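In: Structure here, sequence nowhere to be found:
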């Protein structure tokens with residue numbers, strides 16, 4: 001049996017319904033890296049928060065960048081070979097804007113850890129229900145959902161359903177474990193996520 005570690009996925013990108021999970025629950029996130037399991041071959045990170053929930057951008061960065069990177073380093077030290085990160089569309093370390101710059105910096109940092117495989121997913125707007133949402137995001141999600149009622153292709157151009165993103169991340173990880181992934185580092189964009197999370201998902 002293959003052991004995988006999943007960080008996050010308790011918000012909009014939810015836990016897989018049929019997953020066999022052994023949750024590690026700790027309210028002190030500073031302990032999470034030291035508690036990283038030693039027997040995992042695959043680490044998937046969907047860890048992230050919103051500026052509103054975190055109480056400002058600097059606090060958001062502590063989760064989205066600092067904690068993500070600390071967990072990736074812990075995974076590497078534990079012998080994990082394959083790493084999958086759900087990042088964000090537009091991630092760019094040279095961006096003048098805080099959020100895409102942070103995501104781009106994280107991508108560069110985890111790539112430098114030199115996993116056997118490092119796969120980055122860059123979804124667009126994530127469509128689905130969440131308890132907390134900024135007003136503008138809520139409006140765009142409703143527009144994306146309406147577009148999906150007309151045509152999945154219309155919505156897929158700029159937004160993805162949360163479950164499609166989750167399935168694509170799992171599929172990417174399984175491709176690594178099964179020896180199907182030929183690239184050491186790969187970035188999956190909108191069309192790749194839809195293909196792997198909907199068309200190729202079994």
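Out: Received the coordinates, thanks. A quick note: this is a predicted structure, and the numbers were derived from the prediction, not measured.
In: the bottom helix or strand of this structure by mean pLDDT?
Out: helix 135-150 (a mean of 41; mean pLDDT, DSSP states H and E).
In: Return the set of buried residues in the strand or helix carrying residue 73.
Out: Assigned by DSSP states H and E, residue 73 belongs to helix 68-77. Applying a neighbour-count criterion of 16 or more other CB atoms under 10 Å, one finds 68, 69, 70, 71, 72, 74, 75, 76 buried in helix 68-77. The way it works is simple: take the backbone N, C-alpha and C, and place the C-beta from them, glycine included.
In: and residue 120, helix, strand or coil?
Out: Under DSSP: H, G, I helix; E, B strand; the rest coil, residue 120 falls in the strand class.
In: Can you tell me how far it is from residue 106?
Out: To residue 106, residue 120 is 9 Å away according to CB to CB, to the nearest Å.
In: Give me the common contacts of those two.
Out: Residues touching both residue 120 and residue 106 (CB atoms under 8 Å, 6 or more residues apart in numbering): 85, 87, 91.
In: Which of the residues you listed fall within strands?
Out: Mapping those onto strands (DSSP state E) picks out residue 85.
In: which of the shared contacts of residue 120 and residue 106 has the most neighbours?
Out: Using other CB atoms under 10 Å as the neighbour criterion, residue 85 leads the shared contacts of residue 120 and residue 106 with 26 neighbours.
In: dump the residue contacts of the spatially closest residue to residue 33 that is not a sequence neighbour.
Out: Of all residues not flanking residue 33 in the chain, residue 74 sits nearest, at 3.9 Å (CB to CB, 6 or more residues apart in numbering). By CB under 8 Å, 6+ apart, residue 74 lies in contact with 32, 33, 34, 36.
In: Over to residue 64?
Out: Counted by CB under 8 Å, 6+ apart, residue 64 has contacts 47, 48, 49, 102, 103, 106.
In: Helix, strand, or coil at it?
Out: Going by three-state DSSP: residue 64 is helix.
In: I'd guess residue 2 is in a helix, am I close?
Out: No. Looking at residue 2 with three-state DSSP, it is coil, so not inside a helix.
In: Which pLDDT does the model give it?
Out: We have a pLDDT of 74 for residue 2.
In: so what's it up against?
Out: Per CB under 8 Å, 6+ apart, neighbours of residue 2: 41, 42, 177.
In: Would you mind measuring from the second one to residue 105?
Out: If you measure residue 42 against residue 105 using CB to CB, the figure is 23 Å.
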